[in-house]
Structure formats: C-alpha cells, structure tokens
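*Asks:* Coordinates for the following, if possible.
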Amino acid sequence: MNELLREVVAEEVADLKDPGLGFITITGVDTSPDLRTAVVFYTVLGSDEEKAATAEGLQRAAPRLQASIGGQVRLKYTPRLRFAVDPSIDQGLRIDTILHDLEEEREADADR
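*Replies:* The predicted structure is shown next:
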C-alpha cells in the first residue's frame, strides 16, 4: 500500500503548478495500520527558504493529492496526508562525509 500511495502522490506532485514547490522527490509513504493517515516523505533541493516554500506548497496541495488518491486507489478511507522531509538523505550524506574524513585520515597516517 505504501508503494502504491507513493507512486500516486509522486505522479500528482509532478503535475502541480505551484511556483512555491522546488525540485521535489517523493521518497516514501508510511501509512498507519488503519490506513486513515499517511506520512509522505520527500526531499527537495535548494536553500532553506526553498525547502520551507516547498513544505507550504505541499500542505496547500494536500486536499488535491488526497482527492487523487481517492480517485485512483480503492480504499475504504482516503488517508489524510502529512508531509515530512526524509531524514535518510541527510543521514546518508553525514555517513558519507564521515567515511570520506576517515579515508583522508588513513591516507595521512600512511604518509607519515
């Protein structure tokens, strides 16, 4: 169900004409066990201002996205959407930086 909702939301977000939305990627959806709510995880490139504008744009688009889900996915209830920045991207970048720093330290120690 999560993957199906992610696909529907991603397609609909791509069609939105909101100038506040930045370059956004829908990375996942986590639905509650009763399917009444769903957290949509996303990433967006840009400055903090662009990220904030994208968050606001997604909130404005939530009713349209929920209606699209209701029309495309057969469910007893259409889940209420919440949006959250995907933390895994930042965590991955942090891990990559740490590994890069460790490699530089290892090379520096080998040169001594």
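
*Asks:* the strands in this structure, which residues?
*Replies:* Secondary structure of the chain (DSSP state E): strands at 23-31, 37-45, 80-85.

*Asks:* Could you state which residue of the protein sits nearest its centroid?
*Replies:* With distances taken as C-alpha atoms, centre = their mean, residue 42 lies nearest the centre of the chain, 0.8 Å away.

*Asks:* For that one, which residues count as its bridge partners?
*Replies:* Residue 42 forms beta bridges with residue 26, residue 85, as assigned by DSSP bridges.

*Asks:* need the contact list for the nearest residue to residue 57 once chain neighbours are set aside.
*Replies:* Nearest residue to residue 57, sequence neighbours excluded (C-beta to C-beta, 6 or more residues apart in numbering): residue 20, at 3.8 Å. Backbone N, C-alpha and C define where each C-beta goes, glycine included. Shown in contact with residue 20 (C-beta atoms under 8 Å, 6 or more residues apart in numbering): 53, 54, 56, 57, 60.

*Asks:* For those residues, which PyMOL command selects only the ones that are buried?
*Replies:* Only the buried entries of the contacts of residue 20 go into this PyMOL selection, using 16 or more other C-beta atoms under 10 Å:
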select buried, resi 53+54+57
